[in-house]
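Enquirer: Provide a 3D model corresponding to the input given below.
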Amino acid sequence: MKNIISDLPPVEIRVLLLRNNTGVNKIARAIGVSHVSVIGTINGTLVSDRIRRAIAKAVNRDVKELWPSAYLYGQPRKPGRPRKIN
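Expert: Just a heads-up that it's a prediction; the model follows:
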């Protein structure tokens with residue numbers, strides 16, 4: 001029998017954001033991405049280690065608690081592209 005590890009549902013992540021008096025726009029501004037990218041990461045349509053870690057920090061949780069399927073065996077499979085610095 002196979003164990004299936006599920007991530008925290010997007011609704012619960014949004015509830016955690018509300019309970020911690022923060023929002024998608026605040027996280028996006030803090031790390032220099034669009035709010036659409038943060039929403040996509042919460043909904044699971046976008047995968048970004050940097051955004052996931054910022055969300056976890058904003059809700060005072062470990063990233064492994066929010067997305068255990070990605071972090072169960074260490075780090076995500078591959079890093080994203082390097083951040084562009086002007």
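Enquirer: Look at the nearest residue to residue 55 once chain neighbours are set aside and tell me its secondary structure.
Expert: Excluding its sequence neighbours, the residue lying closest to residue 55 (C-beta to C-beta, 6 or more residues apart in numbering) is residue 27, at 6.1 Å. Using the backbone N, CA and C atoms, a C-beta is placed for each residue, glycine as well. Three-state assignment for residue 27 (DSSP: H, G, I helix; E, B strand; the rest coil): helix.
Enquirer: Wait, residue 25 touches residue 35, no?
Expert: Yes: counting by C-beta atoms under 8 Å, residue 35 is a contact partner of residue 25 at 5.1 Å.
Enquirer: Just give the number of residues close to the residue nearest to residue 55.
Expert: Neighbourhood size, residue 27 [other C-beta atoms under 10 Å]: 22.
Enquirer: need the contact list for it.
Expert: 17, 38, 51, 54-55, 58 (C-beta atoms under 8 Å, 6 or more residues apart in numbering).
Enquirer: Of all pairs in those residues, which one is the farthest apart?
Expert: Spatially, the most separated pair among these is 17 and 51, at 12.8 Å (C-beta to C-beta).
Enquirer: Show me what the lowest-mean-pLDDT helix or strand in the chain packs onto, helices and strands only.
Expert: Within the chain, no helix or strand scores below helix 68-71, which has a mean of 83 by mean pLDDT, DSSP states H and E. Under the contact definition 3 or more C-beta pairs under 8 Å, 6 or more residues apart in numbering; DSSP states H and E, helix 68-71 sits against no other helix or strand.
Enquirer: Just the buried residues of that helix, please?
Expert: Buried residues in helix 68-71, counted by 16 or more other C-beta atoms under 10 Å: 70-71.
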